[in-house]
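Chemist: sequence first, predicted model second:
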There are 2 protein chains.
Amino acid sequence: MAKTIKPEKVGGFLDYLPPVMIARKKMLETIEKVYQKFGFVPLDTPAIERLDVLTGNDKSFRMNLYRALIVSGLEDLGEAAKNRNDDLALRFDLTVPLSRVVAAYPEIIKPFKRYQVGKVWRGEKAQAGRFREFVQFDADIIGSRSMLADTEIIQIMYEVMIALGVSSFLIRFNNRKIFEALNEVINLSDAQKRDELIRIIDKRDKVEKEEIEKELKRKPDNKWDPAPNLSTENVKKVIDFISITGSVDDIIEEANLVVGNVPIGQQGICELKEIVNNLRMVGMPSINWCLDLSVARGLGYYTGPVFETVLTDLPEIGSVYSGGRFDGLTDRFIPGSNIPGTGASVGVDRLFAAMEKLGKIKPVSSLTKVLIAMFDHSLLLDYLTIANELRREGIETELYLNKDSFRDQITYAAKKEIPLVVIIGSKEKEQGKVSLRDMRLRSQETIDKSCLISKIRDSFE
Amino acid sequence: MAKTIKPEKVGGFLDYLPPVMIARKKMLETIEKVYQKFGFVPLDTPAIERLDVLTGNDKSFRMNLYRALIVSGLEDLGEAAKNRNDDLALRFDLTVPLSRVVAAYPEIIKPFKRYQVGKVWRGEKAQAGRFREFVQFDADIIGSRSMLADTEIIQIMYEVMIALGVSSFLIRFNNRKIFEALNEVINLSDAQKRDELIRIIDKRDKVEKEEIEKELKRKPDNKWDPAPNLSTENVKKVIDFISITGSVDDIIEEANLVVGNVPIGQQGICELKEIVNNLRMVGMPSINWCLDLSVARGLGYYTGPVFETVLTDLPEIGSVYSGGRFDGLTDRFIPGSNIPGTGASVGVDRLFAAMEKLGKIKPVSSLTKVLIAMFDHSLLLDYLTIANELRREGIETELYLNKDSFRDQITYAAKKEIPLVVIIGSKEKEQGKVSLRDMRLRSQETIDKSCLISKIRDSFE
């Protein structure tokens, strides 16, 4: 006899039991509807990709991934690893697979507006609001360099949050080109150090200012260490710059004084101005968006506008909906192709957890509208027939399957919050009647069988 | 500069580009609606589970799984395998995770009717209609021993196929208890040999009868080899038994002659009779179901009725929708718990591929109803405003984002099969009008701006 096994899930992974999953599905459907309204179409790609596709064979790729390999039965993993042909891993986002698809299928018509929802996996330390498996829900526009595309992404982020019933949120945006210009101003030329600077600033909401300063100053431990090693003066320039506040127009003006003389900085500022103009044209409430020069976004591939969304009632959980422009992402597959792209991704699990905390998620025990009680087993034919009739009318109907007492059946309906119970005994059957119990009103009445469907319909109006 | 990377997906895995994905989503929604109509609720579980949860630590577990482990960046997999703490793998079905959930959350009210859709992974040889990653869409009832539950599963299978627009299909069912009884009749007592017999018979549609006979006769190569090693006489008994044909009642009668004296055989026959009676009561057309004593289903965990669905126009692809009763699946977690379960699973990718072959899938290029042409960039405010108005009315609307020629924009609408294009130039703007081009009718008219929404609505009636 085999040893008993613990029914444990893996740490950092989540089970969604039905009452929560019903609410979660509703959330996903709401997001999807917004994406569709903007003309986006769905795509699906495999969970597993080649390691080189995911990492670009970039030696500085440091994320922890779940690698995957085929192993027969209970065979030893180490042994199998020696003989493998393929280097495979679970995707860590949906953007890299999108770039593979765009490169692999040149026949796709552009601008290509696609959405994709799916699980992604990262071998990160599991902590509150951070999971090792989580669902992303992305919308991206491939093949447009227009700031209208970036504006549309911000519009979509706004519409999704509103559609989800969240009103206290702030979409903050910035432009990576401005960081590039800032790097020139402080004479930081090494690409890896620039990436590291982005990563340090991306933590600004989570750590003290002193910590940021210390990390920006830090000297490299060895020649591969990307520590920025900035002078005290340059650290101050960076901190002062990302701390600029004021009205949108003030921020643009002040930023212009620092980076406006660098060509790429000028370009970044023009792009920001265009987005701001567009947002004013579409009339997005100014309480829900702001220009913020400290918005960095950790991932390396952004090249222009970057966006993030914080819940103003729950800022500590970080951004729940982020993205940016990533021109040239297909270059790793087709050098020089320089296809433009921009988009954003809902962190579904984090947003869901936040909405639960904010009391905006209502667990739903059941979708069933009507339970048909198994009152008298000799009337099974009647029960089966009525169940079929109700289902044919689109009414979610359960037939009680077990031979439990009537009382247990009513308890089942109560626990599952099933609103109506149909009860037919031999007396009702003889008279062509049915009894209909309304669990919400704690009432019961006996009606003509022919009125059952209209009576059920009425009770949900 | 990094080497160019091929934008290749992994063999045996599928990309679903939007035109196909739209059709596929519709299929999934159709299945879901049927499950909901029968009172099922959704569940979601992680893609990755502990290896012992998936295999039950069963030494005879032979399936090829994708094992998963966290590796930092491009680090060597073999090295990482040496230092791992956890034995993890990608799930190979949704039933084992369900059994973990049922064992882990005893508070779940039973009968528990849950559906789950998700990807599963098997390291099988990729071939036509067989993928290494595929989507299953399961409905299971946990906590009922009644044959009404099994009947309901068969009813659901029927309703799903009908709802998908497939009419030429046959649901074949049988009972594992009858195989158990047959094993007693031929004196096959070893559990692994019994499993092997099931596996051999499960191949009956794919190989010649002689091959089946040869395999049933085969002598073990070594003491771990589960070859059944049946005598010629017993092979004949088995082959004759699984070849019994005729009316449902004839088959039951003939089966009774062979296994009716074995208690478990008698029980199996009673269960089959009850299901047959129930199916007649619900009036399921007899052309769509049959009792077939050769239905075995390969997986080890079935204990009672087993079901499978073949497309009568495409039998060679095998079953597209299968399942069965699996009482006691939580026993590996809670010995002796003996919780009953029954259910079925749509092989979504296989069924989809089959429906494509049968011409029952219509690819859809776009969900967009209206394209707003970027005719005159100085009218951007008007375009953005109209786009917002249409979207607020629930009309899927795209604004053309790039500064391409009007001709290119019309080509885009044509290629994407977007039915309507809204065109506003300075002349229309002055007069408070819009031009509406219907790409389907190749017609264009100029209308009052205030009539736009009702005109669009009309054009889809």
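Modeler: Happy to help now that I have it.
Chemist: neighbours of A:Asp221, just the number please.
Modeler: Neighbours of A:Asp221 under the rule other C-beta atoms under 10 Å in any protein chain shown: 8. Placement of C-beta: from N, CA and C, glycine included.
Chemist: that one contacts A:Asn229, correct?
Modeler: No: A:Asp221 lies out of contact with A:Asn229 (C-beta atoms under 8 Å); the separation is 10.8 Å.
Chemist: the lowest-mean-pLDDT helix or strand in chain A near chain B at all?
Modeler: Counting by mean pLDDT, DSSP states H and E, chain A has its least confident helix or strand at helix A:77-82, which shows a mean of 86. Yes: using C-beta under 8 Å from any C-beta of the partner chain, helix A:77-82 reaches chain B at A:77-78, A:80-82.
Chemist: any buried residues in that helix, and which?
Modeler: Buried residues in helix A:77-82, defined by neighbour count with 16 or more other C-beta atoms under 10 Å in any protein chain shown: A:77, A:80-81.
Chemist: could I get the contacting residues of the residue of the stretch 351-461 of chain A found nearest chain B?
Modeler: Residue of the stretch 351-461 of chain A nearest chain B, by C-beta to the nearest C-beta: A:Glu398 (3.3 Å). Applying C-beta atoms under 8 Å, 6 or more residues apart in numbering or on different chains, one finds that A:Glu398 lies in contact with A:368, A:370-372, A:387, A:418, B:38-39, B:113.
Chemist: list, one by one, the residues from the stretch 101-250 of chain A near chain B.
Modeler: Proximity of the stretch 101-250 of chain A to chain B (C-beta under 8 Å from any C-beta) is limited to residues A:101, A:103-105, A:108-109, A:111, A:113-114, A:119, A:121, A:123, A:133, A:141, A:143-146, A:148-149, A:152, A:159.
Chemist: so which of those residues belong to strands?
Modeler: Judged by DSSP state E, those include A:113-114, A:119, A:121, A:133, A:141 as members of strands.
Chemist: now pLDDT too, for the residues you listed, in CSV please.
Modeler: Conversion of these to CSV gives the following (pLDDT from 0 to 100):
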residue, pLDDT
A:Lys113, 98
A:Arg114, 98
A:Lys119, 98
A:Trp121, 97
A:Glu133, 96
A:Ile141, 98
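Chemist: want to throw these into CSV with distance to A:Val53 and neighbour count?
Modeler: Output for these, formatted as CSV (distance: C-beta to C-beta, whole Å; neighbours: other C-beta atoms under 10 Å in any protein chain shown):
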residue, distance to A:Val53, neighbour count
A:Lys113, 23, 25
A:Arg114, 18, 23
A:Lys119, 17, 22
A:Trp121, 15, 27
A:Glu133, 20, 20
A:Ile141, 22, 26
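Chemist: looking at those residues, which is nearest A:Asp349?
Modeler: When those are compared for distance to A:Asp349 (C-beta to C-beta), A:Glu133 wins out at 8.4 Å.
Chemist: against B:Leu88, how distant is the closest one?
Modeler: In this view, A:Glu133 and B:Leu88 are 11 Å apart by C-beta to C-beta, to the nearest Å.
Chemist: next, the buried residues of the helix or strand encompassing A:Arg350.
Modeler: Under the criterion of DSSP states H and E, A:Arg350 resides in helix A:348-357. Buried residues in helix A:348-357, counted by 16+ other C-beta under 10 Å: A:348-355.
Chemist: CA atoms only for it, dumped as PDB, please.
Modeler: Output of helix A:348-357 as PDB, limited to C-alpha atoms (Å, rounded to 0.1, in the frame of the first residue of the first chain):
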ATOM      1  CA  VAL A 348      -5.300  39.800 -12.400                       C
ATOM      2  CA  ASP A 349      -4.400  38.000  -9.100                       C
ATOM      3  CA  ARG A 350      -3.000  41.000  -7.500                       C
ATOM      4  CA  LEU A 351      -5.900  43.200  -8.500                       C
ATOM      5  CA  PHE A 352      -8.300  40.600  -7.400                       C
ATOM      6  CA  ALA A 353      -6.700  40.200  -4.000                       C
ATOM      7  CA  ALA A 354      -6.800  44.000  -3.700                       C
ATOM      8  CA  MET A 355     -10.400  44.200  -4.600                       C
ATOM      9  CA  GLU A 356     -11.200  41.500  -2.100                       C
ATOM     10  CA  LYS A 357      -9.400  43.600   0.600                       C
END
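Chemist: show me the contacts for the closest residue to chain B within the stretch 101-250 of chain A.
Modeler: With C-beta to the nearest C-beta, the shortest gap between the stretch 101-250 of chain A and chain B falls at A:Gly123, namely 3.3 Å. Counting by C-beta under 8 Å, 6+ apart, A:Gly123 touches A:63-66, A:132, B:70-72.
Chemist: recalculate using a threshold of 10 Å.
Modeler: Contacts for A:Gly123 (C-beta atoms under 10 Å, 6 or more residues apart in numbering or on different chains) come out as A:12, A:63-67, A:89-90, A:92, A:132, B:68-72.
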